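Participant: no FASTA, just this:
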């Protein structure tokens with residue numbers, strides 16, 4: 001096993017200086033963030049992504065905005081995997097990811113490689129190309145400790161099965177309302193879900209939803 005496959009998971013404990021609101025995090029300054037509080041407030045995978053966004057030897061400016069940006073980035077990455085859901089693929093770590101991590105765990109470069117693979121996958125034509133890119137996307141995630149969930153689990157994070165079923169029921173009702181040209185009811189359901197933080201996306205494959 002290559003050394004980075006073990007060490008990249010240790011980036012949770014960032015060796016560089018963590019800054020918060022322009023000042024170094026310090027217990028004496030009272031500006032620290034406790035891990036057990038963070039994982040209650042944010043998806044743990046988003047926290048990992050945020051920590052990987054800076055080289056472990058360099059300062060990292062920590063903020064809620066950084067975590068939220070990490071969540072949105074993971075939304076796009078998981079969305080790409082969801083779009084490739086019917087493509088069978090086995091994870092294979094790409095050479096670009098290996099090269100970045102062997103370069104003193106250059107995780108920012110590795111994340112850039114991951115984003116590039118996802119961008120290609122979103123534009124891919126042909127089963128062979130889609131299979132190759134999904135394989136690389138899964139392999140890149142495996143190397144970085146990311147994209148380890150099913151897309152449906154990521155997008156339904158923090159919800160109970162009962163709540164998911166209720167939301168799906170409203171979405172089905174909205175679809176039926178649109179088919180019956182009852183656009184007022186369809187719009188009312190969209191607004192209701194938006195008020196609950198549930199975002200709808202109408203696609204050729206049907207309605208997709210996620211929590212904002």
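Facilitator: Nice, thanks for sending it over. Since this is a predicted model, take the numbers as computed values, not measurements. Residues are numbered from 1 along each chain as shown.
Participant: and the nearest residue to residue 156 once chain neighbours are set aside, how many neighbours?
Facilitator: Excluding its sequence neighbours, the residue lying closest to residue 156 (Cβ to Cβ, 6 or more residues apart in numbering) is residue 164, at 5.4 Å. C-beta: built from backbone N, CA, C; applies to glycine. Counted with other Cβ atoms under 10 Å, the neighbours of residue 164 add up to 14.
Participant: ditto for residue 190
Facilitator: With neighbours defined by other Cβ under 10 Å, the count for residue 190 comes to 18.
Participant: after the one helix or strand it maps to comes which helix or strand?
Facilitator: Following DSSP states H and E, one finds residue 190 within helix 183-195. Per DSSP H and E, the first helix or strand lying C-terminal to helix 183-195 is strand 198-203.
Participant: Can you list the buried residues in that following strand?
Facilitator: Buried residues in strand 198-203, counted by 16 or more other Cβ atoms under 10 Å: 198, 200.
Participant: likewise stretch 40-48?
Facilitator: 42-43, 45-48.
Participant: and the helix holding residue 190 with strand 198-203, angle?
Facilitator: Relative orientation of helix 183-195 versus strand 198-203 (axes from the mean of the first three to the mean of the last three Cα atoms, to 10 degrees): 130 degrees.
Participant: List the neighbours of helix 183-195 that are in contact with it.
Facilitator: 167, 170-171, 173-174, 177-178, 199-200, 209 (Cβ atoms under 8 Å, 6 or more residues apart in numbering).
Participant: What is the nearest of these to residue 103?
Facilitator: residue 199 (37.6 Å; Cβ to Cβ).
Participant: picking that back up, and the helix holding residue 190, how far out from the chain's middle?
Facilitator: Centroid separation for helix 183-195 versus its chain: 27 Å, with Cα atoms, centre = their mean, to the nearest Å.
Participant: for stretch 41-49, same thing?
Facilitator: How far stretch 41-49 lies from its chain's middle: 9 Å, per Cα atoms, centre = their mean.
Participant: what is the rounded mean pLDDT of that stretch?
Facilitator: For stretch 41-49, mean pLDDT is 89.
Participant: Serialize the buried residues of stretch 40-48 to a markdown table and add fields for distance to residue 183 and secondary structure.
Facilitator: A markdown table is the format used below for the buried residues of stretch 40-48 (distance: Cβ to Cβ, whole Å; DSSP: H, G, I helix; E, B strand; the rest coil):
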| residue | distance to residue 183 | secondary structure |
| --- | --- | --- |
| 42 | 37 | coil |
| 43 | 35 | coil |
| 45 | 38 | helix |
| 46 | 36 | helix |
| 47 | 41 | helix |
| 48 | 42 | helix |
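Participant: and the two most separated of those?
Facilitator: It's 42 and 48 that sit farthest apart of the buried residues of stretch 40-48, by Cβ to Cβ, at 10.4 Å.
Participant: How is residue 125 assigned, secondary-structure-wise?
Facilitator: Judged by DSSP: H, G, I helix; E, B strand; the rest coil, the three-state class of residue 125 is coil.
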